[in-house]
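Participant: Sharing a model that was predicted from the sequence below.
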Amino acid sequence: MRPDIHPAYAPVVYQDRSTGDAFLTRSTATSSERISWADGNTYPLIRVDITAYSHPFWTGAARVLDSAGAVEKFRRRYGDRARR
């Protein structure tokens, strides 16, 4: 690899804005905000809107779409073409 062309890859903490849950990972992202972590070190803190802690798919709060209702609505609007 060529030296001095890659961004710094260091530990950072990502925090979910809606739940407050946080996790430590490595990233090239930086922030002037810092947080003390359980290991006693301080890391840059990056606040994000959605993580696996708050995303409906991962929390089990995902909505189930009414596909049967959509099919009936389509048939009412355009008719059942298969019967012709």
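Facilitator: Yep, it's here.
Participant: Spatially central residue in the protein, please.
Facilitator: For the chain, residue 51 is the residue whose C-alpha lies nearest the centre (Cα atoms, centre = their mean; 3.7 Å).
Participant: Might you report the residue contacts of that residue?
Facilitator: 14, 16, 19, 21, 23 (Cβ atoms under 8 Å, 6 or more residues apart in numbering). Placement of C-beta: from N, CA and C, glycine included.
Participant: Now do the contacts for the third one.
Facilitator: Counting by Cβ under 8 Å, 6+ apart, residue 19 touches 51, 53, 54.
Participant: in a strand, that's where the first one is, yeah?
Facilitator: No: residue state for residue 51 (DSSP: H, G, I helix; E, B strand; the rest coil) corresponds to coil; a strand is not indicated.
Participant: where in this structure is pLDDT low?
Facilitator: The model of the chain has pLDDT under 70 over residues 1, 58, 61-68, 80-84.
Participant: at 90 what do you get?
Facilitator: 1-4, 18-19, 50-84 (pLDDT under 90).
Participant: where exactly do the helices run in it?
Facilitator: Taking DSSP state H as the test, the helices found in the chain are 56-59, 67-78.
Participant: May I see these arranged in a markdown table, with mean neighbour count and distance to residue 2 as well?
Facilitator: Shown next, in a markdown table, are the helices of the chain (neighbours: other Cβ atoms under 10 Å; distance: least, Cβ to Cβ, whole Å):
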| stretch | mean neighbour count | distance to residue 2 |
| --- | --- | --- |
| helix 56-59 | 10 | 38 |
| helix 67-78 | 10 | 52 |
